[in-house]
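Trainee: what's the 3D shape of this:
(one chain, ligands or ions: 1)
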Amino acid sequence: MLGTRTITNATTLAMSPQTPELDPIIRACRTSELPTLAELARHIWQQHYPAIISQAQIDYMLQQRYHPAALQTELDTPQHWLDGLWLGETMLGFANYFCTGQPAEMKLDKLYLHPHWHGRGLGSLLLEYVTARARQHGCDTLTLAVNKHNTTAIKAYRRNGFEVAEQVVVDIGNGFVMDDFIMSKAL
Ligand SMILES: CC(C)(COP(=O)(O)OP(=O)(O)OC[C@H]1O[C@@H](n2cnc3c(N)ncnc32)[C@H](O)[C@@H]1OP(=O)(O)O)[C@@H](O)C(=O)NCCC(=O)NCCS
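Mentor: Okay, the predicted model is just below:
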């Protein structure tokens, strides 16, 4: 259970007295940390997505989007951010977000948390953090895409003020599609 929380650029949490050992922070990832992030992504995807998409699509999307070279592009692209949620030296999760080019719109492109840490409010913490970052950049809309069958994520997004705006089916190559809801939140 989380205690009081302070959202800053490097977000810190003051934890409840029962869990004084927990003091996670959110900060920008470094190039040297991208292999760790890729491994965390692989673990989360293998745990979470077999119930939603095929193993072949999981393998394809991991290679396409979570190879360290692809992640490096996120670090190198202006107005793109890739931030990790850390507990000491351990990365628990991460968020990737960028300015879309539409006026005052930020897109949350990745939001992932190690399964062991689900259900403690840390996903909401990452969402609050990205919301604060979007506001810092003058955005009035935060948008995202989520698989229509990803019920736990949709629940977390609704809890944090996102609503379904539209449904899309996006061809991502190799015969695969992303069958998504577009959700958005007015800031
Ligand atoms: C989406 C995801 C990041 C949400 O993470 P999460 O930490 O479980 O989500 P939340 O922060 O909203 O946690 C809320 C749960 O924690 C509980 N909780 C406990 N302490 C809490 C606190 N201090 N604050 C808020 N919620 C708290 C809530 O009651 C809620 O439980 P419930 O779901 O039984 O109602 C996570 O499920 C995930 O990584 N999923 C796999 C990857 C994925 O699908 N990503 C999205 C791709 S679009």
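Trainee: buried sites along the helix or strand harbouring residue 107?
Mentor: Element membership for residue 107, per DSSP states H and E: strand 105-113. Going by neighbour count (16 or more other Cβ atoms under 10 Å), the buried part of strand 105-113 is 105-113. Bear in mind the C-beta positions are built from the backbone N, C-alpha and C, glycine included.
Trainee: do that strand and the ligand meet?
Mentor: Yes - using Cβ under 6 Å from any ligand atom, we find that strand 105-113 touches the ligand at 111-113.
Trainee: residues in contact with that strand?
Mentor: With Cβ atoms under 8 Å, 6 or more residues apart in numbering as the contact definition, strand 105-113 has outside contacts at 40-41, 44, 65, 82, 85, 92-100, 122-123, 126-127, 130, 133-134, 137, 139-144, 153.
Trainee: which ChimeraX command selects the buried ones in the residues you listed?
Mentor: With 16+ other Cβ under 10 Å as the burial test, the buried ones among the contacts of strand 105-113 are selected in ChimeraX as follows:
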select :40,41,44,65,82,85,92,93,94,95,96,97,98,99,122,123,126,127,130,133,134,139,141,142,143,144,153
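Trainee: list the ones among the contacts of strand 105-113 that fall in strands.
Mentor: Among those, the members found in strands (DSSP state E) are 82, 85, 92-99, 141-144.
Trainee: redo these as CSV? Include distance to residue 23 and pLDDT.
Mentor: As requested, the ones in strands among the contacts of strand 105-113 are exported to CSV (distance: Cβ to Cβ, whole Å; pLDDT from 0 to 100):
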residue, distance to residue 23, pLDDT
82, 22, 98
85, 12, 97
92, 12, 97
93, 15, 98
94, 18, 98
95, 19, 98
96, 23, 98
97, 24, 98
98, 28, 98
99, 30, 96
141, 32, 98
142, 26, 98
143, 31, 98
144, 28, 98
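Trainee: out of those residues, which two sit at the greatest distance?
Mentor: Distances among those were taken as Cβ to Cβ; the most separated pair is 92 and 141, at 27.4 Å.
Trainee: and which of the buried residues of strand 105-113 is nearest the ligand?
Mentor: Nearest to the ligand out of the buried residues of strand 105-113 is residue 113 (Cβ to the nearest ligand atom; 3.6 Å).
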